[in-house]
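Enquirer: 3D, please:
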Amino acid sequence: MDESGPRTPEASEGLWSMGAVTRRTGIGEHTLRAWERRFGFPRPERLPSGHRRYPADQVRRLIMIHQALSCGYRAGDVVPLSRERLERIVADCVKAGAVVGPPAEEWVHAFLDCARRYDRRGLTEELHRAAATLGIGSFLRERIVPLLPEIGAAWARGELEIRHEHTASHVIEDVLRSLRLTLEPSTEGPPIVLASLPDEPHALGLQVVALALVADGRTVRILGPQSPVDEIAYTADEIDAAAVGLSISEYSAGEATAGIIDDLRRRLPPRIALWLGGRGAAQLTGLSETVQVVTSLEDLARVVGQLDLDQPTSA
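Expert: Purely as a prediction, here's the structure:
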């Protein structure tokens, strides 16, 4: 029996349908029922129709159980445990660097299947589950970085229609933004301005970098795609930015773009670093030596660290 059903008033009161729980936790319906019979957990409430509804605290505990299973524990060892004990086990797994969740290739394949079905809720829940399971840094490196080029490759192979690609991209951007907004109140220091040039309409790469920076405690200001050069330069100077980061796609990596970047470098005060990221950044030639090309999240951490070294210290 399909117990996912339509959303009901109970769902807005902290109760989850079985279909929503399986998407959120990665635990199948058959397994949930088997644990309920064998271990007495989970303990769903029953609607008059007989459908199961799971309280939010049980869903959170199921997420931790899934994490523990991914670390090598058996169901009989962890399903009966208290939330407090599960939290300690998961923390130990994270410290030990244990792999939590499916391999990246398998995860990307499942994500693209959701995109083909236009399952926006499934896509959103899968991204949030991966972020909660892996932590922001590993989520970006092990999920988002492999996912983004594969979406484009699947479209080029004819495995995704443009409508599927747009659905997936919009959901990813929304989730990255929502994750960043929860972290922004704790950021500090001179801001880093993120933008793309006037002929560059793509914004997803900016959201990836913004989340990575905010997770590192850095203040970020996103101007967004297709930003005029004079606006980028004026904003960076006005807010006393530490750096400006530009996203360059492979489709805009030409001589004209290199000239625009050189113009921006001349407009920016020397104290403000200029970074280029995206798949097209490394293809640009003839750039000023003061323009830094960032090729990965690890490289981003390096240039951010260089900012700290370049900051003047107080006497």
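Enquirer: which SSE is immediately downstream of whichever strand or helix holds Ser138?
Expert: Under the criterion of DSSP states H and E, Ser138 resides in helix 136-139. Proceeding N to C from helix 136-139, the next assigned helix or strand is helix 145-156, under DSSP H and E.
Enquirer: helices or strands up against that next one?
Expert: The contact analysis (3 or more C-beta pairs under 8 Å, 6 or more residues apart in numbering; DSSP states H and E) places helix 145-156 against helix 104-116, helix 162-183, helix 204-215. Bear in mind the C-beta positions are built from the backbone N, C-alpha and C, glycine included.
Enquirer: mind putting the ones you listed into CSV with distance to Leu32?
Expert: Shown next, in CSV, are those (distance: least, C-beta to C-beta, whole Å):
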stretch, distance to Leu32
helix 104-116, 18
helix 162-183, 25
helix 204-215, 31
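Enquirer: so which of the ones you listed gets nearest Leu276?
Expert: When the helices and strands packed on helix 145-156 are compared by C-beta to C-beta, helix 204-215 sits nearest Leu276, at 11.0 Å.
Enquirer: contacts for the closest one, please.
Expert: With C-beta atoms under 8 Å, 6 or more residues apart in numbering as the test, helix 204-215 has contacts from 136-137, 140, 144-145, 148, 169, 172-173, 176-177, 179-180, 183-184, 187, 192, 194-196, 220, 222, 224-225, 245, 247, 249, 277-278, 297, 300, 304.
Enquirer: pLDDT averaged over that helix, what's the number?
Expert: Mean pLDDT, helix 204-215: 94.
Enquirer: and the next helix or strand past the helix or strand hosting Asp237?
Expert: Assigned by DSSP H and E, Asp237 belongs to helix 229-238. Downstream of helix 229-238, the next assigned helix or strand under DSSP H and E is strand 243-247.
Enquirer: that following strand versus helix 229-238: what angle between them?
Expert: 150 degrees (axes from the mean of the first three to the mean of the last three C-alpha atoms, to 10 degrees).
Enquirer: list the helices and strands strand 243-247 packs on?
Expert: Here strand 243-247 touches strand 188-195, helix 204-215, helix 255-267, strand 273-277, going by 3+ C-beta pairs under 8 Å, 6+ apart.
Enquirer: give the partner strands of that strand in its sheet and their orientations.
Expert: According to DSSP bridges, strand 243-247 has the following sheet partners: strand 188-195 (parallel), strand 273-277 (parallel).
Enquirer: pull the residues that contact it.
Expert: Outside strand 243-247, the residues that touch it by C-beta under 8 Å, 6+ apart are 192-197, 200, 202-203, 205-206, 209, 225, 232, 236, 261, 264, 268, 272-278, 281, 294, 303, 307.
Enquirer: packing partners of the helix holding Asp237?
Expert: Here helix 229-238 touches strand 188-195, strand 218-224, helix 255-267, going by 3+ C-beta pairs under 8 Å, 6+ apart.
Enquirer: contacts for the helix or strand bottoming out on mean pLDDT in the chain, please.
Expert: With mean pLDDT, DSSP states H and E as the measure, the helix or strand of the chain carrying the lowest mean pLDDT is helix 18-25 (a mean of 78). Applying C-beta under 8 Å, 6+ apart, the contact partners of helix 18-25 are 2-5, 11, 16, 27-29, 32, 44, 51-52, 54, 59, 62-63, 65-66, 121-122, 125-126, 128-129.
Enquirer: now the buried members of the residues you listed.
Expert: Buried by 16 or more other C-beta atoms under 10 Å: 3, 5, 16, 27, 29, 32, 44, 51-52, 54, 59, 62-63, 65-66, 122, 125-126, 129, out of the contacts of helix 18-25.
Enquirer: quick check: phi and psi on Pro44?
Expert: Per-residue torsions, Pro44: phi -70, psi 150 (degrees, to the nearest 10).
Enquirer: I figured it hits Gln58, correct?
Expert: Yes. Pro44 is within contact range of Gln58, at 7.5 Å (criterion: C-beta atoms under 8 Å).
Enquirer: what's the burial count for the residue lying closest to Trp155 once chain neighbours are set aside?
Expert: The shortest distance from Trp155 to any non-neighbouring residue, by C-beta to C-beta, 6 or more residues apart in numbering, is to Glu165 (4.9 Å). Using other C-beta atoms under 10 Å, the number of residues around Glu165 comes to 16.
Enquirer: correct me, but Leu297 touches Val145?
Expert: Yes. If you go by C-beta under 8 Å, Leu297 and Val145 touch, sitting 6.9 Å apart.
Enquirer: which of the two has more residues huddled nearby?
Expert: The residue with more neighbours, out of Leu297 and Val145, is Leu297; 17 against 14, by other C-beta under 10 Å.
Enquirer: am I right that Ile27 sits in a helix?
Expert: No. The assignment for Ile27, made by DSSP: H, G, I helix; E, B strand; the rest coil, is coil rather than a helix.
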